[in-house]
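Asks: with the input below, show me the fold.
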Amino acid sequence: MLRPLLFILAFVFAACGGGGAKPPAKPSNKILVNVDDQGLGLGGNDPISYTTDSITEGEAASTSEYGGAKYQFATAENKQQFDSDKQKFAPQFGGYCAFAASQNRLVPSDPNVYMNLEGQLLVFASQDFLDQFKKDPAGNKKLADKNWPGLVEKHGKAAN
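Replies: Sure, this is the predicted structure:
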């Protein structure tokens, strides 16, 4: 009686991936963000202005921090909008070139060369890199998303 029960339990355990399952990967404690010598992301431009396709320079008196970068805002409303969902409005890939990330490379971006894809801000090193990315935006974004954790692990610095 005990033997069939043990056999069934062993079968269920194996079928559910027991024993060989790996624990989930521990998130990296590193950050990787493209900032200038003053710690500004997007060259001091207002990140909310990228959603309107009219890049506006932010004001030094109106800043928020996210992911190791300081962002400046042209209006109090824009700062409030950013603060309500920083992950949504901050540039993806730490503000580094999205096309380079899709190729598993790290290249600083030009904050004036960008696109919004599925509600996310992507910046690029050059117009040529943006044009290359646009040939397969979904595929390139998927590759960049896949490569980004490894780039952070390799090039990032310890978070505060």
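Asks: which residues touch the longest helix seen in the chain?
Replies: Longest helix of the chain, by residue count under DSSP state H: helix 137-155. For helix 137-155, the surrounding residues in contact (Cβ atoms under 8 Å, 6 or more residues apart in numbering) are 28, 30-32, 92-94, 96, 98-99, 101-104, 106, 115, 117-118, 122, 132-133. C-beta here means a position set from N, CA and C on the backbone, and glycine is covered the same way.
Asks: redo that, cut-off 7 Å
Replies: Ser28, Lys30, Leu32, Phe93, Ala98, Phe99, Ala101, Ser102, Asn104, Leu106, Leu117, Phe133 (Cβ atoms under 7 Å, 6 or more residues apart in numbering).
Asks: kindly report the same for stretch 95-104.
Replies: Outside stretch 95-104, the residues that touch it by Cβ under 7 Å, 6+ apart are 33-34, 41-42, 69, 92-93, 106-109, 122-125, 129, 132-133, 140, 143-144, 147-148, 151.
Asks: among those, which lie within strands?
Replies: Counting by DSSP state E, these place Ala69, Leu122, Val123, Phe124 in strands.
Asks: is the second one in contact with Tyr114, as I believe?
Replies: Yes - counting by Cβ atoms under 7 Å, a contact exists between Leu122 and Tyr114, whose distance comes to 6.3 Å.
Asks: look at these two and report which has more neighbours.
Replies: Applying other Cβ atoms under 10 Å to Leu122 and Tyr114 shows that Leu122 carries more neighbours, namely 28 against 20.
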